[in-house]
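Asks: Okay, predicted coordinates and the sequence, questions at the end:
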Amino acid sequence: MKRNQSPTIIIACLVAVVVLGALAGCGGGGNKTPVPVTPSAPTLTAADSQLTVTWNTVNGATSYEVWFNTVNDTSTAAQFTGDSDNTDITCVITGLTNGTTYYIWVRAKNSAGTSGFSPVASGIPAASIASPDTPGTPSLTAGNHLLIVTWTPVNGATSYEVWFNTANDTSTAAQFTGDSDNTDTTCIITDLTNGTTYYVWIKAKNSLGTSGFSLPGSGNPTVPVALSAPTGLTAAGALGCIQLSWNASNGDGLQGYNIYRSTNVVDFVKLNASPVSATAYDDPISSPAGDGVWYYYKVTAAGALESGFSNSVRSMHGTRLAASYANGFITQVKESPYVAEGTTVVDGDNLTVATSTKLYVLDNTTIALEAGRTFQVSGLLRVLASSGAAHATFTAHKSGGGVLGDGEGFFLKISNAVSYDPADDSGTVIQHTRIENLKESSAVTINGCGVKFHNSYIVSNKSTGGSYFYIYGNNSWITMRNCRLEKSILEIGADMRGKPCAVERNVFRGGYYSIYFNNLSNPGVSPGQIAQNDFDGSKTAYLSSSMSGGGQNVPLGSNYWHGGTSVNPGDPPLPNVYKGELTIDFDFSNPSPALTRAPAGAGPDW
């Protein structure tokens with residue numbers, strides 16, 4: 001009978017087994033724990049050598065990992081293992097370096113696995129910060145309806161509060177809110193009543209709190225007694241510096257002094273950022289930018305109000321020539337530029353302005369050389385004296401005293417010096433100077449450079465006029481305007497054509513010759529380069545036998561020859577001419593005829 005079991009029963013049993021198996025395979029599917037989601041970015045709080053890390057709870061997480069690095073890179077980050085409880089949502093990472101930026105990540109965990117890294121957070125450990133200390137007592141300076149309040153900075157403070165009252169009572173004090181910058185250590189309380197005593201307190205602040213009130217400072221706003229302008233301002237130049245000094249000012253609220261400087265006597269600029277407390281000030285001057293520059297100064301007294309200006313002074317930086325030299329003197333590069341100011345007496349040897357050095361000569365300066373010595377210039381010489389009574393003087397003296405004999409004196413030799421440049425008036429310049437007691441023979445020589453002479457006297461000590469002002473050699477030339485040469489002869493021995501040469505409006509008297517040309521294979525000058533002068537026509541115009549002139553006459557038109565002879569009545573006077581056997585001559589009509597009267601404005605203006 002068993003063979004004949006019903007197929008229906010067998011099928012039913014199979015279905016039951018399949019269903020039960022399926023149920024068994026799905027059994028517990030609703031109770032399996034998933035991996036936690038990634039946490040949000042943590043929050044960091046910095047402290048001394050540590051960071052406190054906090055984060056939000058993640059559903060299903062049973063613990064957390066905290067990772068950190070000094071770069072924003074999880075692949076090289078380290079897990080912090082010093083957290084004694086990794087199930088809460090906070091941890092303190094210790095042993096960190098103050099001032100270093102750290103990057104922090106959090107991962108959530110449970111039995112099913114570990115989440116990815118959270119978004120990064122960063123923080124910088126720093127020494128513990130506390131509320132700032134109480135400030136010290138403020139200082140008060142009274143002004144008209146105001147008090148200027150200053151105080152000492154407080155460590156850790158990021159701003160300040162200023163409180164004031166007419167009674168010494170902080171409980172009823174009012175905070176001053178008119179300070180546009182509460183981070184500095186000064187403030188001006190305005191709109192106060194003159195004659196009333198005010199008490200002022202300071203409080204320091206930072207992100208962690210506000211200090212207590214400082215001790216009070218007190219002051220009475222009042223109309224200040226005006227500060228008097230400083231007096232007695234003086235300036236003394238030295239190498240790389242100009243030293244100022246003055247007398248103290250009187251008045252209320254004197255805080256110090258302001259120093260003003262100009263290079264044009266018009267536009268004065270304040271040099272100091274805050275008032276100078278002393279009555280002296282050293283102004284550094286750079287070289288070469290400041291070489292030969294006049295600097296003008298004024299000083300004021302500084303307080304709630306600024307005083308008027310002091311007297312104005314000027315000076316120039318540079319090493320001062322000594323009052324005397326027993327064995328001559330040669331300038332040195334390391335001490336350059338030099339300044340001649342006052343009187344310098346040179347005995348025993350020459351005075352030399354050496355190559356690559358500079359000498360500036362100021363008002364009322366006298367340089368006196370022993371007779372027979374030479375004032376040699378191979379660097380830069382600039383006379384900056386003013387015209388008239390303040391002129392400079394170059395002269396000679398007899399060593400040990402006594403009177404110079406006829407023809408005794410000094411030589412001025414300018415050789416390969418810094419050439420004058422008319423484009424900017426730079427280079428070697430002698431102006432507003434009396435050059436006297438020149439020796440006979442070649443007393444003044446110019447060689448290898450160009451020199452400007454202007455508004456000066458050039459006087460020989462040779463009674464017969466036998467001193468020569470001699471220009472010779474290559475690249476030698478002069479510009480000479482409004483000078484007077486007495487007992488001196490202008491001798492041309494250099495080709496000055498094509499150079500910025502100009503000899504104009506000068507007066508020549510008492511020389512042995514009226515003019516002298518020597519040793520040239522050309523005329524030496526172009527038409528008009530020597531013009532509008534008042535020559536001594538009573539003396540001979542001399543062409544040396546060494547002159548060939550290249551077959552060209554020497555153009556000397558447009559000059560006046562004082563004391564000369566007129567060929568016909570009404571003709572301009574002319575000098576006698578010596579030319580020996582030469583075939584060339586002076587051309588007194590090139591570029592225009594000789595003058596019939598002395599040119600206006602010839603000679604110095606003093």
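Replies: Looks like it came in fine.

Asks: I'd like to know how many residues surround residue 464.
Replies: Burial measure for residue 464: 13 neighbouring residues, criterion other C-beta atoms under 10 Å. (C-beta placed from N, C-alpha, C; glycine too.)

Asks: The residue nearest to residue 148 when sequence neighbours are not counted: how many residues sit nearby?
Replies: Ranked by C-beta to C-beta, 6 or more residues apart in numbering and with sequence neighbours excluded, the top spatial neighbour of residue 148 is residue 141, at 4.1 Å. A count of neighbours around residue 141, defined by other C-beta under 10 Å, yields 18.

Asks: did I read that right, residue 141 in a strand?
Replies: Yes - under DSSP: H, G, I helix; E, B strand; the rest coil, residue 141 falls within a strand.

Asks: show me where pLDDT drops low in the chain?
Replies: With pLDDT under 70 as the threshold, the chain has low-confidence stretches at 1-31, 128-129.

Asks: mind listing the helices for it?
Replies: Here the chain has its helices, by DSSP state H, at 7-26.

Asks: Tell me the spacing between the residue nearest to residue 148 and residue 44.
Replies: Applying C-beta to C-beta, to the nearest Å, the value for residue 141 to residue 44 is 46 Å.

Asks: now residue 248
Replies: 59 Å.

Asks: what about those two, which has more around it?
Replies: A direct count of neighbours by other C-beta under 10 Å for residue 248 and residue 44 places residue 44 higher, at 18 against 13.

Asks: and the nearest residue to the more buried one once chain neighbours are set aside, what does it touch?
Replies: Ranked by C-beta to C-beta, 6+ apart and with sequence neighbours excluded, the top spatial neighbour of residue 44 is residue 123, at 3.5 Å. With C-beta atoms under 8 Å, 6 or more residues apart in numbering as the criterion, the residues that contact residue 123 are 44-46, 51, 101-102, 104.

Asks: burial measure for the closest residue to residue 554 other than its chain neighbours, as a count.
Replies: Nearest residue to residue 554, sequence neighbours excluded (C-beta to C-beta, 6+ apart): residue 523, at 4.7 Å. Applying the criterion other C-beta under 10 Å, we find 26 residues in the vicinity of residue 523.

Asks: wait, doesn't residue 523 sit right on residue 556?
Replies: No - contact status for residue 523 versus residue 556: not in contact, 9.6 Å apart, counting by C-beta atoms under 8 Å.

Asks: isn't residue 234 right next to residue 244, touching?
Replies: Yes - when contacts are counted by C-beta under 8 Å, residue 234 is listed as touching residue 244 (7.1 Å).

Asks: neighbour count winner among those two?
Replies: Looking at residue 234 and residue 244 with other C-beta under 10 Å, you find the greater number of neighbours at residue 244, namely 24 against 14.

Asks: Would you check that that one makes contact with residue 232?
Replies: No - with contact defined as C-beta under 8 Å, residue 244 does not count as touching residue 232 (10.8 Å).

Asks: just to revisit the earlier point, now do the same contact list for the residue nearest to residue 554.
Replies: Taking C-beta under 8 Å, 6+ apart, one finds 497, 549-550, 552-555, 584 in contact with residue 523.

Asks: Compare the residues you listed and tell me which has the most neighbours.
Replies: For the contacts of residue 523, the largest neighbour count, defined by other C-beta under 10 Å, is 25 neighbours, found at residue 554.

Asks: thought that residue was touching residue 588?
Replies: No - in this structure, residue 554 is not within contact of residue 588 by C-beta under 8 Å, at 9.6 Å.

Asks: just to revisit the earlier point, as TSV, the contacts of residue 523 with distance to residue 349 would be great.
Replies: Listed next are those as TSV, based on distance: C-beta to C-beta, whole Å:
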residue	distance to residue 349
497	38
549	40
550	42
552	44
553	45
554	39
555	42
584	43
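
Asks: Can you tell me which of those end up in strands?
Replies: Using DSSP state E, the members of the contacts of residue 523 that fall within strands are 554-555.

Asks: Which one of the contacts of residue 523 is nearest to residue 572?
Replies: When these are compared for distance to residue 572, the smallest value, 15.4 Å, is given by residue 555; criterion: C-beta to C-beta.

Asks: dump the residue contacts of that closest one.
Replies: Contacts were defined as C-beta under 8 Å, 6+ apart; by that measure residue 555 touches 523, 525-528, 530, 587, 590-591.

Asks: ok, now with 10 Å
Replies: 523-531, 586-591 (C-beta atoms under 10 Å, 6 or more residues apart in numbering).

Asks: for it, which residues make a bridge with it?
Replies: Using DSSP bridges, the beta-bridge partners of residue 555 come out as residue 587.

Asks: Cool, thanks, talk later.
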